[in-house]
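Undergrad: Here is the input, now give the coordinates:
(2 chains)
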There are 2 protein chains.
Amino acid sequence: MSRFWSQQVHALTPYVPGEQPQMARLIKLNTNENPYPPSPKVIAAVQAAADARLRRYPDPAATALRQAIADYHQVALENVFVGNGSDEVLAHTFQALLKHPAPLLFPDITYSFYPVYCALFAIDYRQVPLRSDFSLCLQDYEQPNGGIIFPNPNAPTGRAVALSEIEALLQRNQDSVVVVDEAYVDFGADSAIPLIQVYDNLLVVQTLSKSRSLAGLRIGFAIGHADLIEGLTRVKDSFNSYPLDHLAQVAGIASFADEDYFQQTRQRIMADRERLQEALIALGCEVLPSAANFLFVRPPVAAAEVMQALRSQGIIVRHFNAPRIQDWLRISVGAAQENEALVQALREIVHG
Amino acid sequence: MSRFWSQQVHALTPYVPGEQPQMARLIKLNTNENPYPPSPKVIAAVQAAADARLRRYPDPAATALRQAIADYHQVALENVFVGNGSDEVLAHTFQALLKHPAPLLFPDITYSFYPVYCALFAIDYRQVPLRSDFSLCLQDYEQPNGGIIFPNPNAPTGRAVALSEIEALLQRNQDSVVVVDEAYVDFGADSAIPLIQVYDNLLVVQTLSKSRSLAGLRIGFAIGHADLIEGLTRVKDSFNSYPLDHLAQVAGIASFADEDYFQQTRQRIMADRERLQEALIALGCEVLPSAANFLFVRPPVAAAEVMQALRSQGIIVRHFNAPRIQDWLRISVGAAQENEALVQALREIVHG
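TA: Numbers count the residues shown, from 1 in each chain, chains lettered A, B, ... in the order given. Here you go, the predicted structure:
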């Protein structure tokens, strides 16, 4: 609290990211990081790029990276925006495209950064409840709005909506921007990117943090009609000319060039997710169907206690002390050994 | 232009950074980059850190880097804020600390990003003219204000103000935040950082892009009273939890650990600046006294034409087509050979 703060700062309730403890031998299943390292080709490219060129500013438009993303997703360069992690891309999106007189709509249970952005940019919003089974029903968004945003698959539930439902929404809702936040899409949902060719109000946001194992380098992007991208670019160029550093740009390009590695690791994670889900159900947990690299799990004993008991054994999972989901835990899919350790520990906690 | 843009986006006039042409054999004296590479120890540290850890999120609070900066500048951890380049630090500063009912004050000739931030965050501002010799006179800021910001040394003029004048301003102006933007301070001005112990409304912003040769990795920081830092942190945590990637944090720490390299390169640049200044004066140029790694130069023939003529020879300098400074060029101090090539080319342009 300070008299020097701008008025708005007093009212902010900042986002709290999952913790990044520095303890050794931790089994860290709380922030949906990829259990596998980035492609060896990405590492090699970054090491090779770490040289005297770091004295120079990076390309402010990140053209080579944007072109790599455009080629990969079969869109044009002008359809691609990049930022310092998808969090920054989302921040610019809220300010550039989602601030309108009518309220922004998003689920009541979703990425908890959305209401934080609304507070930062003074955006009116309305939360639309998920159905009782935590499914996201896009018919519920048929109401006056200044924009719609939802993750697909949703977080922290992991549930996906079908592309046909998204297209039906876009047909009904053509006067405001619809943002599909696809942070976890590569683990089992269908991307809405092809629909940007038809709907000029659709923006799709993705990240290299999860399926491409690059959380440490902060690379996110958005794909949409050139007019939407121009709006984002105007805000970006009024905020920070060079949001993506040289090494992040190099890493992103190298990642899209190694398709084999990408496919192998995401397939392995999806297979491990199915095994983990079965094991948790066998322990008496309720587990939502997941199209993400995490599971949303209701253990047969109190979730907050389970989280603490796991923590005392060096296993970190995420518990949200929020309405409707206090009984649930969000558990990232780790490497096979980590998942086994989790199940073993949970077995002891549940069965005593 | 799009009906989907938030109202404010239409009114933005984004900042235009100096270009980063990808031509080979260019002599690039337009964006004040350091002519020398980062410390070999920084390069080695970055290469060693580019490994499987990139799959993990970086420390959102960048505690180790902030501690390194705190130790270097003899302040406490709670006095240090870091961001994705000093541009992001400044953006958060404008939103968190400089948006008040009374207008923000800054020079009429200064870093051209300041009015852009004001448009982005809807901040009222008033530009205070530099004196006719382009000196920044802090007595001129004795007027009602919601904040004051100026670079020291100023850009693009390169002129510095004395620390005693800054302290006198702080004594007169205790009810709003005073930001000293010290992007170029290591090339010959005195830092105001020690004054933060006395004045709780002083924020000092610096960057590793210039004097530490790390423009490519985007690292900026602010130092001030813990309450000011908390205000910045609240905005940062409402915008992007992880603005500094893992490799940037590692590079920053390594840079502050190699004091010898830092001193050698900045001394070399200052010595080369003096030589370049003498050569330019000998050619009939007017040159402002500079405490930065660039010179503000009025050539004896039209500046815009000189810029174009230099460009046709592969030498890029910066010309601002703005009131009062159309006759001037901002020329970064390059390596000795680059400076000599510039002088040689300019000699031919001036003397035909």
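
Undergrad: can we go C-alpha only for contacts and neighbour counts from here?
TA: Fine.

Undergrad: model confidence over the stretch of helix or strand A:Glu278 belongs to, on average?
TA: A:Glu278 is located in helix A:259-282, with elements delineated by DSSP states H and E. Helix A:259-282 shows a mean pLDDT of 98.

Undergrad: Can you tell me what sits against that helix?
TA: A:36, A:39, A:186-188, A:211-212, A:255, A:286-287, A:293-295, A:333-336, A:339-340, A:343 (C-alpha atoms under 8 Å, 6 or more residues apart in numbering or on different chains).

Undergrad: buried stuff in that helix?
TA: A:261-262, A:265-266, A:269-270, A:272-273, A:276-277, A:279-280 (16 or more other C-alpha atoms under 10 Å in any protein chain shown).

Undergrad: per the record, what domains does chain A have?
TA: Domain assignment of chain A by automatic domain parsing yields the ranges A:7-37+A:260-351, A:40-258.

Undergrad: From the chain's centre, how far out is the first one? Work that out for me.
TA: Going back to what we said before, that points to domain A:7-37+A:260-351. Chain-centre distance of domain A:7-37+A:260-351: 15 Å, with C-alpha atoms, centre = their mean, to the nearest Å.

Undergrad: Using CSV, write out every CA atom in the helix or strand where A:Val250 lies.
TA: For A:Val250, the element it lies in under DSSP H and E is helix A:246-257. Extracted as CSV, the C-alpha positions of helix A:246-257 are listed here (Å, rounded to 0.1, in the frame of the first residue of the first chain):
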residue,chain,number,x,y,z
HIS,A,246,17.2,-13.9,-29.5
LEU,A,247,17.6,-17.4,-27.9
ALA,A,248,13.8,-17.9,-27.5
GLN,A,249,13.3,-17.1,-31.2
VAL,A,250,16.0,-19.6,-32.2
ALA,A,251,14.6,-22.3,-29.9
GLY,A,252,11.1,-21.8,-31.2
ILE,A,253,12.2,-22.2,-34.8
ALA,A,254,14.2,-25.3,-34.0
SER,A,255,11.3,-26.8,-32.1
PHE,A,256,8.9,-26.6,-35.0
ALA,A,257,11.6,-28.2,-37.2
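
Undergrad: re the thing from before, so which of the domains of chain A is nearest B:Leu217?
TA: Checking those against B:Leu217 by C-alpha to C-alpha gives domain A:40-258 as the closest, at 4.9 Å.

Undergrad: End to end on that closest one, go ahead and measure it.
TA: In domain A:40-258, first residue to last residue: 9 Å (C-alpha to C-alpha, to the nearest Å).

Undergrad: Stretch A:71-88 now?
TA: Terminal-residue distance, stretch A:71-88 (C-alpha to C-alpha): 23 Å.

Undergrad: and what of stretch A:180-197?
TA: 15 Å.

Undergrad: mind checking how far that stretch is from the chain centre?
TA: Averaging C-alpha positions (C-alpha atoms, centre = their mean) puts stretch A:180-197 11 Å from its chain's average.

Undergrad: What of stretch A:128-147?
TA: The mean C-alpha position of stretch A:128-147 is separated from the chain mean by 19 Å, C-alpha atoms, centre = their mean.

Undergrad: same question, stretch A:46-64
TA: Counting by C-alpha atoms, centre = their mean, stretch A:46-64 comes out at 26 Å from the chain centroid.

Undergrad: Mind listing what's buried along that stretch?
TA: Those would be A:46-47, A:49-63, for stretch A:46-64 by 16+ other C-alpha under 10 Å.

Undergrad: Among those residues, which ones lie close to chain B?
TA: Filtering the buried residues of stretch A:46-64 for neighbours of chain B using C-alpha under 8 Å from any C-alpha of the partner chain leaves A:46-47, A:50-60.

Undergrad: pLDDT, secondary structure and distance to A:Pro14 added to those, as CSV?
TA: Shown next, in CSV, are those (pLDDT from 0 to 100; DSSP: H, G, I helix; E, B strand; the rest coil; distance: C-alpha to C-alpha, whole Å):
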residue, pLDDT, secondary structure, distance to A:Pro14
A:Val46, 98, helix, 32
A:Gln47, 98, helix, 35
A:Ala50, 98, coil, 34
A:Asp51, 97, coil, 36
A:Ala52, 96, helix, 37
A:Arg53, 95, helix, 36
A:Leu54, 97, helix, 32
A:Arg55, 97, helix, 34
A:Arg56, 95, coil, 33
A:Tyr57, 95, coil, 30
A:Pro58, 96, coil, 30
A:Asp59, 95, coil, 31
A:Pro60, 96, coil, 28
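
Undergrad: which pair in those spans the largest distance?
TA: A:Gln47 and A:Pro60 (21.2 Å).

Undergrad: still on that earlier bit, what's the closest of the domains of chain A to B:His92?
TA: From these, taking C-alpha to C-alpha, the stretch that ends up closest is domain A:40-258, at 8.9 Å.

Undergrad: Check the offset of the closest one from the chain's centre.
TA: The answer for domain A:40-258 is 9 Å, by C-alpha atoms, centre = their mean.

Undergrad: Stretch A:257-269 too?
TA: 18 Å.

Undergrad: what ranges do the strands span in the stretch 151-300 of chain A?
TA: Along the stretch 151-300 of chain A, counting by DSSP state E, counting those that start in this stretch, strands occupy A:178-181, A:202-207, A:219-224, A:286-287, A:294-298.

Undergrad: Would you mind giving those as a markdown table with distance to chain B and mean pLDDT added?
TA: Below are these laid out as a markdown table (distance: least, C-alpha to the nearest C-alpha, whole Å; pLDDT from 0 to 100):
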| stretch | distance to chain B | mean pLDDT |
| --- | --- | --- |
| strand A:178-181 | 10 | 98 |
| strand A:202-207 | 10 | 98 |
| strand A:219-224 | 9 | 98 |
| strand A:286-287 | 25 | 98 |
| strand A:294-298 | 15 | 98 |
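
Undergrad: need these in JSON lines with mean neighbour count, can you?
TA: Below are the strands of the stretch 151-300 of chain A laid out as JSON lines (neighbours: other C-alpha atoms under 10 Å in any protein chain shown):
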{"stretch": "strand A:178-181", "mean neighbour count": "25"}
{"stretch": "strand A:202-207", "mean neighbour count": "26"}
{"stretch": "strand A:219-224", "mean neighbour count": "26"}
{"stretch": "strand A:286-287", "mean neighbour count": "18"}
{"stretch": "strand A:294-298", "mean neighbour count": "25"}
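
Undergrad: now those as JSON lines including distance to A:Val161?
TA: Output for the strands of the stretch 151-300 of chain A, formatted as JSON lines (distance: least, C-alpha to C-alpha, whole Å):
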{"stretch": "strand A:178-181", "distance to A:Val161": "11"}
{"stretch": "strand A:202-207", "distance to A:Val161": "14"}
{"stretch": "strand A:219-224", "distance to A:Val161": "19"}
{"stretch": "strand A:286-287", "distance to A:Val161": "17"}
{"stretch": "strand A:294-298", "distance to A:Val161": "16"}
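
Undergrad: what's the closest of those strands to A:Asn30?
TA: Nearest to A:Asn30, of all the strands of the stretch 151-300 of chain A, is strand A:294-298, at 9.1 Å by C-alpha to C-alpha.

Undergrad: now the helices for the stretch 101-250 of chain A?
TA: A:114-121, A:163-172, A:226-236, A:246-257 (DSSP state H, counting those that start in this stretch).

Undergrad: Relative to A:Ile69, which of the ones you listed is closest?
TA: helix A:246-257 (7.2 Å).

Undergrad: Do any residues in that closest one lie close to chain B?
TA: Yes. Helix A:246-257 lies within reach of chain B by C-alpha under 8 Å from any C-alpha, at A:246-247.

Undergrad: how far away is A:Lys28 from chain B?
TA: Counting by C-alpha to the nearest C-alpha, to the nearest Å, the gap from A:Lys28 to chain B is 10 Å.
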